[in-house]
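1. Predicted model, plus sequence, below.
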Amino acid sequence: MPDCLKERNEYLLERFRLGDPTAESLLVEENMGLVRAIVLRFLGRGTEYDDLMQIGTIGMVKAIRSFSPEFGARFSTYAVPLIAGEIRRHLRDDGPIKVSRIYRKQGIALLREKNRILAEEGREPGIAELAERCSLSKEEAAISLDALSPIASLSGAIHDDDGGLTLEGTLSDEESERETERICDRIAIAQSIGKLPPLWRKIVLLRYFRNFTQQQTAEELGLSQVKVSREEKKILQSMRLALGG
């Protein structure tokens, strides 16, 4: 079983791609510290912490479902702008989610069940078992439990395997903000890849994630540069429609 977070994420992502029904909830549960760290960046903008946590968790789930090793990025690096982008969209659209009390109530019920199992059976149950016993989905259980968690510090390390990198050091200045926005744009494209025809997916991967030129893409796929250019225009038009642009 992998020990460090990077290897653990890679292990669970592979299990998720192979259809393991528990891998997604485990990834959400084990990466909630990252969601919390990003949420702190957006406090004080009119939305409660609990609501931001729920929205950030949606971004985490989207990151899990859209991530591919072919993107050439570490999962935590990939997930940061997607989580932040989900929160930004919520703040931009000013549509607060009024369900924090429900999640807190569910979180308390989950903790009670966890403590009961610990006391009676001498073991610590997994989140999937707790969710089933409380008639919740694994995702709801993860969000509910995290709603009771303490707030992390901006100066705390995001992950042990990131060399002491802190959220404050990566998201606080203007240059970092612009970089995050740029990555968010790329990830918005990545979310639509699965709906594209195979040829279009290959073109998007080479052009937007491997930074190939149109000529390099054409050579890689055995096409002409003109063909790639025409297909790319169709792809961008299709994605703009799909993303509401």
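-> That came through, no problem.

2. Which element, helix or strand, includes the residue nearest the centre of the chain?
-> Residue closest to the average C-alpha location in the chain (CA atoms, centre = their mean): residue 60, at 2.5 Å. In this structure, residue 60 sits in helix 49-66 according to DSSP states H and E.

3. That helix: how far from the chain's middle?
-> Centroid separation between helix 49-66 and its chain, computed with CA atoms, centre = their mean, to the nearest Å, is 6 Å.

4. same deal with stretch 232-240?
-> With CA atoms, centre = their mean, you get 24 Å for stretch 232-240.

5. List the buried residues of the helix or strand encompassing residue 132.
-> Per DSSP H and E, residue 132 falls inside helix 127-133. Residues 127, 128, 129, 130, 131, 133 are the ones in helix 127-133 that count as buried (16 or more other CB atoms under 10 Å). Backbone N, C-alpha and C define where each C-beta goes, glycine included.

6. And those, which is closest to residue 142?
-> Of all the buried residues of helix 127-133, residue 127 has the smallest distance to residue 142: 6.0 Å, by CB to CB.

7. for the closest one, what are its contacts?
-> Applying CB atoms under 8 Å, 6 or more residues apart in numbering, one finds that residue 127 lies in contact with 25, 26, 29, 138, 141, 142, 145.

8. quick one: average confidence on the lengthiest helix in the chain?
-> As assigned by DSSP state H, the longest helix anywhere in the chain is helix 100-121. What helix 100-121 shows for mean pLDDT is 79.

9. got the contact list for that helix?
-> Outside of helix 100-121, the residues within contact range by CB under 8 Å, 6+ apart are 48, 50-51, 54, 123-125, 130-131, 133-134, 136, 140-141, 143-148.

10. Near residue 231, how many other residues are there?
-> Counted with other CB atoms under 10 Å, the neighbours of residue 231 add up to 21.

11. and residue 125, helix, strand or coil?
-> The local conformation at residue 125, judged by DSSP: H, G, I helix; E, B strand; the rest coil, is coil.

12. in the protein, which ranges drop under the pLDDT threshold?
-> The chain contains residues with pLDDT under 70 at 1-3, 93-101, 139, 146-195, 209, 242-245.

13. could you redo the last one with a cut-off of 50?
-> Scanning the chain for pLDDT under 50 picks out the ranges 1-3, 95-99, 150-177, 179-180.

14. how about the strands in it?
-> Here the chain has no strands by DSSP state E.

15. That one: helices as residue ranges?
-> For the chain, the helices defined by DSSP H cover 5-17, 23-30, 32-40, 49-66, 75-93, 100-121, 127-133, 138-146, 167-171, 174-192, 198-204, 214-221, 225-242.

16. quick one: buried residues of the longest one?
-> Okay, so that is helix 100-121. Buried, per 16+ other CB under 10 Å, within helix 100-121: 100, 103, 106, 107, 109, 110, 113, 114, 117.

17. Save the residues you listed as CSV, and put in distance to residue 6 too.
-> Shown next, in CSV, are the buried residues of helix 100-121 (distance: CB to CB, whole Å):
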residue, distance to residue 6
100, 32
103, 29
106, 31
107, 28
109, 33
110, 28
113, 32
114, 28
117, 31
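
18. Identify, from those, the entry nearest to residue 78.
-> residue 103 (25.9 Å).

19. Please tell me how far the closest one sits from residue 143.
-> Relative to residue 143, residue 103 is positioned 6 Å away (CB to CB, to the nearest Å).
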